[in-house]
Each structure stands twice: as C-alpha cells, then as structure tokens.
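A.B. asks: next one to model:
(chains A and B)
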Protein chains: 2
Amino acid sequence: MNRVGPLDGLTVIDLTRVLAGPYATMVMADLGARVIKVEMPGSGDDARHFGPFVNGKSAYFASLNRGKQSIILDLKLKDDRVVFEDLVRKSDVLVENFRPGTMVKLGYGWDDLRELNPTLVYSAISGFGQTGPYRNLPAYDMVVQAMGGIMSVTGHPDTDPVRVGTSIGDITAGLFGVCGILAAIMNRNRTGKGMMVDVGMLDCQVAILENAVSRYLSEAEVPKPLGSRHPSITPFDAFNVNGEYLVIAAGNDGLFERLCQAIGREDLLADPRFESNDARTQNSSPLKREIEKALSNRTAHEWLDIIKKAGVPCGPINNIQQVVEDEQIIARNMIISTQDPVAGPMKMAGNPIKLSDFPDPPTRAAAPELDADREDVLKLKKV
Amino acid sequence: MNRVGPLDGLTVIDLTRVLAGPYATMVMADLGARVIKVEMPGSGDDARHFGPFVNGKSAYFASLNRGKQSIILDLKLKDDRVVFEDLVRKSDVLVENFRPGTMVKLGYGWDDLRELNPTLVYSAISGFGQTGPYRNLPAYDMVVQAMGGIMSVTGHPDTDPVRVGTSIGDITAGLFGVCGILAAIMNRNRTGKGMMVDVGMLDCQVAILENAVSRYLSEAEVPKPLGSRHPSITPFDAFNVNGEYLVIAAGNDGLFERLCQAIGREDLLADPRFESNDARTQNSSPLKREIEKALSNRTAHEWLDIIKKAGVPCGPINNIQQVVEDEQIIARNMIISTQDPVAGPMKMAGNPIKLSDFPDPPTRAAAPELDADREDVLKLKKV
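C.D. replies: All right, here's what the predicted structure looks like:
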C-alpha cells in the first residue's frame, strides 16, 4: 500500500458506504492516511454491487475505495465489538455516513466513542445533519440537489428540471467533511482533545450556491436556470458553431474587446447595447446572435485556436472520452490506474491535490476485496 | 473578529481574487484562521465590483470575504515588498489564484517564498494547474466546466448545453485547495517543513465526475446528459405532478416496493420490466409514465407527505427563496448574517462544517473595506 503523503501516520476507521463518506476517505487515503473500511458481513459496502462491473468487480466501488483496507466486523456481535472498540482506541479518525441515530443505537454515539478514545475525531456525514426537524429523514444526492436549490438554477428556462450530472450533493459533503476532519485533527494535536464533525449534505448544497444566494438575499430576485450562460457576466456562454459548441468566457471589458477583434466584429464595441458588462448582460440574447453569426464561417476548432491566441478564455465542450484523452489531463496525471486482484488493470480519476514534497503516483493500490486486510488490521498499533 | 475555531492561531496571507481562492480562504476563516487579504492599490479584489450591490457594496464579495482582514500592498513597490515579505515570514499559509507565472514574475515563486519562510505552505489555485501544456492559458469556471466533462453529462439530451448553475469549477478547486493546505500544515507540524500545493480547476472537474468516468473507462460508453434521472439507479428522478415537480430516489428494491405501496401501484412490482434496478433503468421511461400517472390525483405537497411517511427519500425542487426559508436550513444555521459597515446587516450562506467543540455563530464579522486592517496587520507577530 502506498501511504507516502502528508497524512502518513493518520489512521481512519471508515464505516462509510456508497459515495459521500467513501469520497471523503478516498481523499484522505490519496493524501497518505491509512483508511480501514469496516464492512458488514455478507455484502459489505453497497457500492460493491453498483455497476458498471469488470470481471464482476464494481468499477464504481474500485475508483472510490482505492488504497483502502477492508475488515468485516458485525457491530452487533460481542466479539466483533471488542475488536471494533480496540480499533477505535488506536485510531485518529472515525467516519460514518449512516442515517443519524444509527450509531447511537449501536452503542457508538459520540459520547460512547469519546469515552473509548478522547482524542478521536468523529465525523458523521448525513443527508440533513444531526440536528433539525429533517434529521431523521432519508436522503440521497438527488433529494439534496432538489431541496438545496441547485436544480432550480441549472438547466434551460421552461424545460423539465435538470439534475447536475454528477452526484455533487455527495461529493461536496465529502470534501467539506475532509476540511472539517483535518481542522479538528490540527486542533487535537494542540489540545489533546478530539471532537465531532457533523456535515449535512443539504447544508453543503446551500454553501455552494454562491451568487444565487447573494442575488436573492440582496435583491429578492429568485434566480432561474439560464441554460449555459452566466447570470451576471456576458459574454460567458456556450456558442453554436455550425452544430458544434464552444464556450467563451470574456469576463471583462478588455477581454470583450479582444474577442470582438479576434472574430472581426469591432463594430460591436461601438454598439451601446454592448458597451459595458451590465449592458451586455441586459442584451445577452442579441449579443449571442451576433457572436454566433460571426463564428459561422469557420469550424469550432479553428475558432478556438483564434480566440485562444487572442488571450480570451475559451474551450470546447468535451465529452468524457475527450476528457480522459485530453493532453492536459494526462500531463497532470489525472487518469491513474490500479492493479485489481480480480478485474486486472483499472483506470480511474486521480488526485487533484499536487504536492511539491510528495510523489503523485500514476498507479495506486487497488480497492480491497471484502475482509482482505483482516490480519493486517488486527495488528494495528496505537501511534 | 471571530477567530474561535479549530484553525485559531493559523495565519493565512491571501492574494486571491474573485471566487476559487477566496472560497478556500473563506472556509479557513470560518474555521478560525486569521486571513489577511493583500489587495492591489486602487480597486482591490475584482469581486468588490461584481453585483448585486447593497448601498454600493458587492453582496457577492461580502459573502465570500466575511471575517477576513484587508491591507493594500503594491507588490511592485520596494517599500510594500518589504512589508509583504515580513508578512510571509510570519505566516503559515500563502494562497493565490493568479495565472501560473505571475508570482515568479513578481519574484515570489515557490523558491523565493520558501527561502523567505521554509515553514510556509504555499497554495496556488489556477485554471489548469502549474504544469502541462495548458498551464499558461486563462480559464474561468465556464471553461473548465466545458473542458472537464460535467457539461457533457448535465442537461437534457438533444437540447443546447447546460452549465451547472453555480460555479462548481471554482468551488471544488477551493475545497480541494483547503484539503491540501490543511494536510500540508499537518505535515509541516511534524517535519518543520512547508510545501507547495498546486490545485488546477480542470483537474478537480475530472475528480468529481464519479460514475461517468468509471462507466466510460470500464465500458467505453460515452455518458450523455440524462435530464433529471440517475444513470444507473431507477426510479431516481424528478416527477411532474400536475405541473409541479418532486423528486423521488428509490435507491433499492426495498424502497421501490415501499414507493409502489405508497402510491397504490403494487401491480408495478409484478411487472417484469420493473423487477430489478437494472430492469427499471432499462425501462425508465415507461416506469416514469406509470409513476406520474399514479401521482396525478393529488398535489405534489400531498404526495411528498405520503411518500416521506413511507420512508422513501423524496423532496420538493426548491427555488432559492424556498431554500433560504426552509426550516431545516434555518435550524442548521445555514443562513448567517454580518453587520456590514457600509451595507448594514447582510445575510449569506453559512458554514456547513458543524463542530462539537466550537460555536457556529449566527453572525460573523463582515467582509473588510479595502485596506481596513492595515494597522492591525502591520502588528502581526510570528506565532
């Protein structure tokens, strides 16, 4: 196992399943932490059974659980509870994403855990958090995307609702979880005292709404979906070039001037409808038409070269194949591989945190088979 | 200033502008770090000039920069450089989100900074990262959303492209940045040595694609936008109930059974098209029609009560007003306020990291006026 990273020496007991929790512990494992997945007998983490499969192994599970260890423990059996409590005493962090109340029912609420190990950082990631009227309700990504507002500002006006095409509700909760856990560990290293970190997916959705919230709270304007354009910067949109799309983000007057020159439409600079960013945002539709007209005499690829040379931020709308094959993505080691004992070599997205003092290995340890690391885990020593 | 949090004692020099960098330092300020914004003379952080405005103060800037301090320094002037270098020597972290090369041109590349302060953690957040063929290209959120693949899986099939309605390219880079910075600080606390943390927005987009990447890399299937439904879990979608929408996420057979009972359609359980999650995903359109037919005799609100009581994850699609007024969001202190010296009381999204050992104040210190904290910052002492 590769544990060479800034979190080397940190031991994480990982009771998480599916996505939000496993994403958090994946980030920590990528940074060098030792992550011990404690799984239920029988089927283990639900995500082991989510497609797509390679030789019967879930590619989804494999990508989220690389570099972790696995042990089966039945937290309802006395002997296994003894083992679990020993692990808790010897670890730095415990992460779970059960529904609130589950840990208390198991006898492992925060009061029990802190008694077992006063230096433990305990992170609970849940749909709605550990408090408030909805705390006991079940939630999946879809539910918090809907309730948290992001779906109300994503998509085209007057069409059916659109879900963000990745589980941003789970993933942002995982990332905020890591931030909270590491901050709590830093505090513990100073005070000798652990604490509980309570992260709710719905809260995290509110925390990422940025200008939609500031617009509503300052102007009482309820933001609506705007397709591909930005609510307050123009031109900052996708443009149709003979059936292909490219995006252009001319975030200020200087960039707009360069764009107009690059596309041979300096006349737009003299048009009062487009004289300032505010004016351009008011008149985004006619401006879009003018730009698309100007772009119609070349291919999207040719225009990207020209607009890029002019120093204006722009790019293609890549599909996943194009992303995976993109020279920058490859140069940045963002597609890594594992050697899976069952599925063989597997490729997956890499770690976006690049550190000057640690390598960013192009291969990582595979996700564990269920209970694969029992012996090694049972030898765990208190650091 | 409120510095009561796990990062109390940590000093961050913040050269960031607009969103990705300021989001990272906001998370750290919310957790108790002292964040000192070093701004250019004249206009300061560009986001000070982004609408919406309240009494001339940018609500957007105010929400991202609460609880930080501000000092003006011109890094091209000798005297100001002396002050800046003194701050670098006395700080723990420096964060910037300039285009790669800018810091080197100023004479403050990583080699210069580490010479000034070998314990410094230096985080550079940029569009494409510090390496690779695109490193010098300009990028905004829109560009990395397009190039990073999320736009190719968001929206309805066969309509114009859709941008995620919040700047998820900036925000995820900010969050990964915080994870990297805190991990590097933990490493420094053990080794006495700082390091550089290089985060590229495009990399972060790849890191959040989850099942889209695993589907492509394991099955060579290029994922497409799917409107509001999930690619591999069904029913997990938005449903139209007489013109209003609700979402239902029945993530497994047990939940599907409970859903069918709740909506009076046990007959669907016997239908071979819907007998397993895979079968339901294959037949998602007919299943959606059947469910919408069953829901047509009550209001969305009534159905949410019924489906919720059945224990099936579900929810309304809230707009931003409904989010801000939601009882759970309020109970979780996710709408906080500041007392702005210019704009008066301002509301904004709160901190989703809830800690057992620190308060989660409903009011936070306001975003600073330009250069407001000069005197206090000049008194900075090495911790």
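A.B. asks: state the next helix or strand along the chain beyond the helix or strand hosting residue A:293.
C.D. replies: Assigned by DSSP states H and E, residue A:293 belongs to helix A:284-295. Sequence-wise, the next helix or strand downstream of helix A:284-295 (DSSP H and E) is helix A:300-309.
A.B. asks: list the contacts of residue A:162.
C.D. replies: Contacts for residue A:162 (C-beta atoms under 8 Å, 6 or more residues apart in numbering or on different chains) come out as A:151, A:154-156, A:225, B:154-156, B:162, B:225, B:227-228. Bear in mind the C-beta positions are built from the backbone N, C-alpha and C, glycine included.
A.B. asks: what's the pLDDT at it?
C.D. replies: You'll see residue A:162 listed with a pLDDT of 96.
A.B. asks: next: the one 3 residues further on.
C.D. replies: Model confidence at residue A:165, given as pLDDT, is 96.
A.B. asks: what is the neighbour count of it?
C.D. replies: 27 (other C-beta atoms under 10 Å in any protein chain shown).
A.B. asks: looks like it contacts residue B:148 (just checking).
C.D. replies: No. Residue A:165 lies out of contact with residue B:148 (C-beta atoms under 8 Å); the separation is 11.5 Å.
A.B. asks: show me where the stretch 151-300 of chain A has strands.
C.D. replies: A:196-200, A:236-241, A:244-249 (DSSP state E, counting those that start in this stretch).
A.B. asks: deepest-packed of these, please.
C.D. replies: strand A:196-200 (a mean of 27; mean count of other C-beta atoms under 10 Å in any protein chain shown).
A.B. asks: shaky segments in the stretch 1-150 of chain A?
C.D. replies: For the stretch 1-150 of chain A, applying pLDDT under 70 flags the ranges A:1-3.
A.B. asks: hmm, stretch A:19-28 touching chain B?
C.D. replies: Yes. Counting by C-beta under 8 Å from any C-beta of the partner chain, chain B is contacted by stretch A:19-28 at A:19, A:23, A:27.
A.B. asks: looking at these, which has the most residues close by?
C.D. replies: residue A:27 (28 neighbours).
A.B. asks: who touches it in this structure?
C.D. replies: Per C-beta under 8 Å, 6+ apart, neighbours of residue A:27: A:174-175, A:178, A:351, A:353, B:176, B:179.
A.B. asks: again, 6 Å this time
C.D. replies: A:178, B:179 (C-beta atoms under 6 Å, 6 or more residues apart in numbering or on different chains).
A.B. asks: do the same with residue A:352
C.D. replies: B:176, B:203-204, B:207.
A.B. asks: domain map for chain A?
C.D. replies: A:11-208+A:329-378, A:236-319 (automatic domain parsing).
A.B. asks: ends of the shortest one, how far apart?
C.D. replies: Taking C-alpha to C-alpha, to the nearest Å as the measure, domain A:236-319 stretches 20 Å from start to finish.
A.B. asks: is chain B contacted by that domain?
C.D. replies: Yes. For domain A:236-319 and chain B, the contact criterion (C-beta under 6 Å from any C-beta of the partner chain) is met by A:236, A:238, A:245, A:247, A:249, A:251, A:313, A:315, A:317-319.
A.B. asks: could you give the mean pLDDT of that domain?
C.D. replies: Rounded mean pLDDT across domain A:236-319 is 96.
A.B. asks: try stretch A:174-189
C.D. replies: 98.
A.B. asks: and that stretch, anywhere near chain B?
C.D. replies: Yes. Interface with chain B: stretch A:174-189 contributes A:175-176, A:178-180, A:182-184, A:187 (C-beta under 6 Å from any C-beta).
A.B. asks: now those residues as a markdown table including neighbour count?
C.D. replies: Putting those into a markdown table (neighbours: other C-beta atoms under 10 Å in any protein chain shown) gives the following:
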| residue | neighbour count |
| --- | --- |
| A:175 | 28 |
| A:176 | 29 |
| A:178 | 30 |
| A:179 | 30 |
| A:180 | 29 |
| A:182 | 32 |
| A:183 | 30 |
| A:184 | 30 |
| A:187 | 24 |
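A.B. asks: how about TSV for the residues you listed, with distance to residue A:121 added?
C.D. replies: Shown next, in TSV, are the residues of stretch A:174-189 next to chain B (distance: C-beta to C-beta, whole Å):
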residue	distance to residue A:121
A:175	16
A:176	14
A:178	11
A:179	12
A:180	9
A:182	9
A:183	9
A:184	4
A:187	9
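A.B. asks: what sits closest to residue A:73 if chain neighbours are left out?
C.D. replies: residue A:80 (4.3 Å; C-beta to C-beta, 6 or more residues apart in numbering or on different chains).
A.B. asks: element containing that neighbour?
C.D. replies: Assigned by DSSP H and E, residue A:80 falls in helix A:78-90.
A.B. asks: who does that helix touch, helix- and strand-wise?
C.D. replies: When contacts are defined as 3 or more C-beta pairs under 6 Å, 6 or more residues apart in numbering or on different chains; DSSP states H and E, helix A:78-90 packs onto helix A:110-116.
A.B. asks: pairing partners for the helix or strand following the helix it packs on, with directions?
C.D. replies: Downstream of helix A:110-116, the first helix or strand assigned by DSSP H and E is strand A:121-126. Looking at strand A:121-126 with DSSP bridges, its partner strands are strand A:93-96 (parallel), strand A:196-200 (parallel).
A.B. asks: fine, thanks again, bye for now.
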